[in-house]
Each structure stands twice: as structure tokens, then as C-alpha cells.
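In: Fold the following and give me the result.
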Amino acid sequence: MRPDTPPTDQERHLGRKEIIVSKTDLSGKITYANRKFMEISDFSEPELLGVQHNLIRHPDMPRAIFHFLWDQLEKGNEVFAYVKNLCKNGDYYWVFAHVTPSIQDDVTVGYHSNRRAVDPDIVTNIIAPFYQKLVAEEKSHSSPKEGLNASLGLLSTFIQDQGGNYDKWLFSL
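Out: Next up is the predicted model:
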């Protein structure tokens, strides 16, 4: 269940040497959360375990980014992404996420995510403005599906304009 608390403008910061770790099952329900995850988000372990990971999805995050992330994971690929997360009280924090399939006996059984601190200049000057464009595109359509498709089109065009390789662009920042 997502918190009813509206987002605040208060940002929290992950320390440079701190790592947030979580694991989910195939449907995205949290099966593990490390202490740092609980500390920065203000959610307790009982509030997290068994709950969809989108519990911490900030409304400023474009649906297209998560669609892209899940598409890559379902193909067995690892994914890197900048993500703005929502705390229990409405505060937010940015992370650079690395999400990978968890594989046992050649079968994907869930997903593992490590999240690190971000470079605030990259977020302020590149990521946040681009995400704002994607969210605006999503909201400008009469149906969520049309908005998502339009936002995915913008994301695809952007990646092509950056040389056609998402990872190469991301790590060039």
C-alpha cells in the first residue's frame, strides 16, 4: 500500500559510501530490504516485505522509465537508471540504481537492486529536466496508455539522438 502522504519538497541524501539494497520476487514484491533502505525511506521491515516495490515510486518519475526497466529485466538484462524515490513522510531521495535478475538453476526467480548516491549536478541539469518532459508527455494525453506510449516514443528518440545506446549514454554523464 502506497503512503497517502503527499510529496514534500524536502530532499534526503544518500551518503557517497552508502548502498541501498533490496530484492523482489518476479512480481516486484519486496523480499529483502537492507537497513539503509529502511533508514532513508522511513519504512520498517514489516511495512516493506511482501509489498510492491512501487511503494516508494515518486510521482515525478516517468512511467516510461519503469516500463523500460521492466522490459530490460524481462529480457534478462541488467539495468541502470536514475530514480527519484518517495519516503514514507513524502520526502524524496535520488539514487543511481543497478537492477539485475536473480537467477537460480538458469531460471529468473526475482530481482536484486543496489542503489548508490547520485551526482547532484547530473540530476539537476540532465536527468530531472528530461524526466519532467517525459512526465509532461504522459499527462498530456487523455488515457494513461496513450501517455505511456507517447513518453516511450520520446525516450526512444532521445536514446537514438544520444547514439542509440542507453547504457553508453548513461555512463557518459
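
In: what are the bridge partners for the residue nearest the centre of the chain, then?
Out: Of all residues in the chain, the one closest to the mean position by C-alpha atoms, centre = their mean is Val83, 3.9 Å from it. Bridge pairing for Val83 (DSSP bridges) gives the partners Val95.

In: ok, it - contacts?
Out: The neighbours of Val83, taking C-beta atoms under 8 Å, 6 or more residues apart in numbering as the test, are Met61, Ile65, Trp94, Val95, Phe96, Ala97, Arg115. Using the backbone N, CA and C atoms, a C-beta is placed for each residue, glycine as well.

In: Local confidence estimate at it?
Out: Looking at Val83, its pLDDT reads 98.

In: How are the helices of this protein distributed by residue range?
Out: 35-41, 45-48, 63-74, 120-122, 128-139, 144-161, 166-172 (DSSP state H).

In: Mind listing what's buried along the longest one?
Out: By 16 or more other C-beta atoms under 10 Å, the buried positions in helix 144-161 come out as Gly147, Leu148, Ala150, Ser151, Leu152, Leu154, Leu155, Ile159.

In: Output the helices of the chain in JSON lines; the columns should cover distance to Gln104 and mean pLDDT.
Out: Shown next, in JSON lines, are those (distance: least, C-beta to C-beta, whole Å; pLDDT from 0 to 100):
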{"stretch": "helix 35-41", "distance to Gln104": "23", "mean pLDDT": "98"}
{"stretch": "helix 45-48", "distance to Gln104": "22", "mean pLDDT": "97"}
{"stretch": "helix 63-74", "distance to Gln104": "16", "mean pLDDT": "94"}
{"stretch": "helix 120-122", "distance to Gln104": "35", "mean pLDDT": "97"}
{"stretch": "helix 128-139", "distance to Gln104": "34", "mean pLDDT": "97"}
{"stretch": "helix 144-161", "distance to Gln104": "31", "mean pLDDT": "95"}
{"stretch": "helix 166-172", "distance to Gln104": "25", "mean pLDDT": "92"}
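
In: can you put those in JSON lines and add distance to Glu11?
Out: Output for those, formatted as JSON lines (distance: least, C-beta to C-beta, whole Å):
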{"stretch": "helix 35-41", "distance to Glu11": "11"}
{"stretch": "helix 45-48", "distance to Glu11": "21"}
{"stretch": "helix 63-74", "distance to Glu11": "19"}
{"stretch": "helix 120-122", "distance to Glu11": "9"}
{"stretch": "helix 128-139", "distance to Glu11": "11"}
{"stretch": "helix 144-161", "distance to Glu11": "24"}
{"stretch": "helix 166-172", "distance to Glu11": "21"}
